[in-house]
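Q: Predicted model and sequence follow; I will ask about them next.
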Amino acid sequence: MSALAKLFRTTAFKLALVYSIVFAVAASLVVMNVGRSVRGVLEDQIGETIDADIRGLSDQYAQGGVQQVVQSIERRIRQPGGDIYLLTTFAGEPIVGNVASLPAATLSSEGLVATTYQRPGEREAKRRAMARVFVLPGNYRLLVGHDVEEVERLRKILRQALSNSLVWLVLIGAIGGLFVARRVLIRVDAMSESAAVIMRGDLSRRLPIEGSGDEIDRLAVNLNAMLARIEALLRGMKEVSDNIAHDLRTPLTRLRNNADAALRLTGDPATLHETLDRVIAEADSLMRIFDALLTIARAESGSGPKMEALDVSRVAEDVAELYEAAAEERGVAFAFAIEPGLVVRGNRELIAQTLANLLDNGLKYGTPAAAGLAPELRLIVRRDDRLVRLAVEDRGPGVPPADRDRVLDRFVRLEASRTLPGSGLGLSLAAAIARLHDGALRLEDNAPGLRAVLEIPATTSAPPRIGPQGDMTRAETG
Amino acid sequence: MSDMRLLVIEDDSEAAAYLVKAFREQGHLADHAADGLDGYARASEGDYDVLIVDRMLPKLDGLSLISSLRAQKIETPVLILSALGQVDDRVKGLRAGGDDYLPKPYAFSELLARVEALGRRKAGAGTQETLYRVADLELDRLSHKLTRAGQEIPLQPREFRLLEYLMKHAGQVVTRTMLLENVWDYHFDPQTNVIDVHISRLRSKIDKGHDTQLLHTIRGAGYMIRDGAA
C-alpha cells in the first residue's frame, strides 16, 4: 500500500477532507449572500435614482411642456455616466435620447424592468440596463434607465473571487489535513508497530511515549500499564505452570507409587491399610497445594473476597490463643504482645490464615541452629504510623538477605528446609494476601532468626494507599 | 447414630454411587437424585433427615434449589458440597439457606461427621438444653460450670466452647475442621496440630484421675465424647 493510499484511509485525512468541504460550502453561501445583498442594494439605489429623475422630468414637463423636457434630457445626455434617456411619441417615434435601439416590448412595460439597449454609434454590443417607462400627459413616453453593466461586472468579480478562494480553501484544508494526519499517523504507526512486536511475543516491549501528555500519550501510558499488568500475570501463570510441572509431580509420583504398592500387596491387611493411609495423606497434601495456589491466584487477580473494617488485634489474639498450646507442647516459648483495637480494611479469614501460616513456619523452621538458644516464638502486633505491623519472630536460622525476595515466590524452598514437610506455598500465599490488602510481607533479620512482618494500612485516620510492592524500604531493626 | 434418611443430589454418577454406598455401609438410608429438579421434587416430597446438595447441578443449581425449598418452608438440614471452596463461596452457600458447606474434595469421614451432626440437630430441634450430661460429666451452659463426679473443674472460655460443642454432639464424631469452624470460626487448614493440642489439654482436665475416659480420639476422623461404657 503506497503512503498516499494509506493517508487517504486515515481518519485524520478523512476528517480534514470533510472539514474542507464544509468550509467551502459555507464560504460559497457567504459570498453568494453578500453578492445578492450588494446587488439588491445597488438595484434599489438605481430604482430610486430613476424614480427621482422621472419625477424631475415630469415636473419640467408640467412647467415648460415637452420643449423643456427635451432640453433637459439633451443637457443630461451630454454629461458622462450610465444614465439613459429616451423620449418618444406615443407611437414610439423617438424624439430625443441616448438610446439607439431597444426591444419594442420595453416601451410598453410597466414599472422597473431589466432590459437591453444599444447606444448610438455602438455596434452590436447589447448593454444591460434597468429602466422605467413613464407616460407623460400628452401621450409622450419617457424612458429613464441606468446602465447595469458595472453591477454585472461586480457580480462577475465576486464570482471569480469566490471560485479562487474556494480553490485555496480546499487546497489549504487538504494540506493542513495531510499535515495533521501525517503527524498523528506517524505516532499511531509507531504504536501499532510496537503492538505488533508485542503480539509476536516480546511482552517486555512498551509503546512509545512522547511526553506531551496529550490524548495519544495518555492512551500509550494506559496501554503500557495494561501491558505491564498482563506481563506480570502471564509471568505468574508461567511460573505456576512451570512449578506445577516440577513440584506437583513429586507428590503425584509418591501418590502413584503408594497406590501401586498397595495394589501389589498381598496378605497383611495392616500394611495395606497403612499404605492406603499414605495414599490419602498424599492426596490431602495435593489438595492443600491446590487450595493455596487457588487462593494465591485469586488474590493476585484482584478478585479477592469481601473486605470489611476489621479489628485485626482481635484476630491476632484469636490466632495467638489457637497456637499457644501447640507451641508450648513443642517446648517453644511463645509470647505475644498485641496492641488492642487496631482496625484495618481486610478479610478476617485471610488475615488469620496468613498469621497461622507464619506461626506454622515459626514452629516448623524456628528451631535454633546455634546451641544454647532456647526456641522462641513471638507475635507482635502494633501500629507504626499508618501501618499495622503484624510480626512473627523466631530464633531459627532465618533467611539469608539474598533469598528473602525469592522465598516469597511460589514453591521456593530453601535447601535447608527441603527435608521438612511443606509445599513451599505458605510464604507466597502470605505475600499474596498482603498485596490483596494493599500491604506487603517483609522478611527481616531477627538477629538471630526470622522476623516475618505483615504490613497492612491502618484505616483509622485517613487510610494511606501503599503500592503492591510498597518499596519504601524500612530500616531493619533488631 | 444410625438409620438416617439421606438424599444425595449430585450429577456426577460415580461420586453419587460412592456416597450412597458409603452412607448405606454406615447404616443410613440414602437416595440419589441426578439433577436439580429431580432433587427438588424428591426433597419436597420425601421425609429426609439431611440433604447433601452439590452446588453445580443441571436444570436447577444447588443454591436455587435450597432457596426454593426454604421458600416452601421445608427446613430439612442441607449440607452443600462444592468445588468452590473460597471464603465468599461458603458465605453465599450459607446465605442461600445451607446449614453446612464442605468444599470438594473432602474425606468421607469428614462428610459423615457433618451429616450426622446435622441429622442430630434436626432430631433435637427445639430442645435447648441448658445442661449437657455425659456419664458423670455435667456442663451447665448458663453458669458455665463444669463438674465431673460432682467435682468442679475450672474452664477457660475457649475450653468451655470446645467442650460445649463436643458435648452437644456427644456420641458423634466431631472432626478437627468442624471444631475449628464452630469453636474458632475459621475455615482454613492449619499445618500445625493446633486442635489436637487443645483437645489433649481439655482431656487432661476432664479425664485425668478418672477410670472412665470420656473424650476419645477417633483415628483418622476426629474426636468424640461419650460414656466409655456405652
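A: Structure received. All figures in this text were calculated on a predicted structure; none of them were measured in a lab. Numbers count the residues shown, from 1 in each chain, chains lettered A, B, ... in the order given.

Q: Tell me the helices and strands packed up against the strand or helix carrying A:R182.
A: Following DSSP states H and E, one finds A:R182 within helix A:149-199. Here helix A:149-199 touches helix A:3-8, helix A:11-78, strand A:127-136, helix A:215-243, going by 3 or more C-beta pairs under 8 Å, 6 or more residues apart in numbering or on different chains; DSSP states H and E. Using the backbone N, CA and C atoms, a C-beta is placed for each residue, glycine as well.

Q: Spell out the residue ranges of the strands in chain B.
A: Assigned by DSSP state E, the strands in chain B fall at B:5-9, B:29-33, B:50-54, B:78-82, B:100-103, B:131-134, B:137-140, B:145-148, B:151-153, B:174-175, B:215-218, B:222-225.

Q: returning to what we had before: just say which of the helices and strands packed on helix A:149-199 is most tucked in.
A: With neighbours defined as mean count of other C-beta atoms under 10 Å in any protein chain shown, the helices and strands packed on helix A:149-199 peak in mean count at strand A:127-136, which reaches a mean of 20.

Q: With only the CA atoms kept, save the helix or strand just after that strand in CSV.
A: Later in the chain than strand A:127-136, the nearest helix or strand by DSSP H and E is strand A:140-147. Output in CSV follows, covering the C-alpha atoms of strand A:140-147 (Å, rounded to 0.1, in the frame of the first residue of the first chain):
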residue,chain,number,x,y,z
TYR,A,140,-45.3,61.0,-24.7
ARG,A,141,-43.4,58.1,-23.4
LEU,A,142,-40.4,58.8,-21.2
LEU,A,143,-37.9,56.0,-20.6
VAL,A,144,-35.4,56.7,-17.9
GLY,A,145,-32.8,54.0,-17.1
HIS,A,146,-29.4,53.2,-15.8
ASP,A,147,-26.7,51.0,-17.3
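
Q: what pairs with strand A:140-147, and is each one parallel or antiparallel?
A: strand A:83-88 (antiparallel), strand A:127-136 (antiparallel) (DSSP bridges).

Q: Tell me which helix or strand A:T116 sits in.
A: A:T116 belongs to strand A:112-117 when assigned by DSSP H and E.

Q: Report the buried residues of that strand.
A: By 16 or more other C-beta atoms under 10 Å in any protein chain shown, the buried positions in strand A:112-117 come out as A:L112, A:T115, A:Y117.

Q: contacting residues around residue 54?
A: No chain was given, so I picked chain A. Contacts of A:I54 were listed using C-beta atoms under 8 Å, 6 or more residues apart in numbering or on different chains, and they are A:R132, A:F134, A:L142, A:V144.

Q: other chain: chain B
A: Neighbour list for B:D54: B:I9, B:E10, B:D11, B:D12, B:G62, B:I80, B:L81, B:S82 [criterion: C-beta under 8 Å, 6+ apart].

Q: Tell me the one among the residues you listed nearest to chain A.
A: Ranked by distance to chain A (C-beta to the nearest C-beta), the contacts of B:D54 are led by B:S82 at 12.9 Å.

Q: ok, now which ones touch the closest one?
A: So B:S82 contacts B:D54, B:R55, B:M56, B:G62, B:D89, B:G93, B:Y101, B:L102, B:P103, B:K104 (C-beta under 8 Å, 6+ apart).

Q: Out of the residues you listed, which end up buried?
A: Using 16+ other C-beta under 10 Å as the burial test, those include B:D54, B:R55, B:G62, B:D89, B:G93, B:Y101, B:L102, B:P103 as buried.

Q: So for stretch A:441-453, first residue to last residue, what's the gap.
A: Stretch A:441-453 has its terminal residues 6 Å apart, counting by C-alpha to C-alpha, to the nearest Å.

Q: how far is that stretch from where the chain is centred?
A: Taking the mean of its C-alpha atoms, stretch A:441-453 sits 44 Å from the chain's own mean (C-alpha atoms, centre = their mean, to the nearest Å).

Q: how about the residues of chain B that lie near chain A?
A: B:85-88, B:91, B:105, B:107, B:158, B:184, B:186-194, B:197-198, B:200-201, B:220 (C-beta under 8 Å from any C-beta of the partner chain).

Q: Mind doing that once more with 10 Å?
A: B:84-91, B:103-107, B:109, B:156-158, B:180, B:183-202, B:219-220 (C-beta under 10 Å from any C-beta of the partner chain).

Q: So which of those belong to helices?
A: Counted as lying in helices by DSSP state H, out of those, are B:87-91, B:109, B:157-158, B:194-202.

Q: Out of these, which end up buried?
A: Buried by 16+ other C-beta under 10 Å: B:87, B:89-90, B:109, B:158, B:194-199, B:201-202, out of those.

Q: Any figure for the gap between the residue nearest the centre of chain B and B:L63?
A: For chain B, the residue nearest the mean C-alpha position is B:R114 (2.7 Å; C-alpha atoms, centre = their mean). Applying C-beta to C-beta, to the nearest Å, the value for B:R114 to B:L63 is 18 Å.

Q: Per the annotation, how does chain B divide into domains?
A: As given by automatic domain parsing, the domain ranges for chain B are B:5-123, B:131-225.
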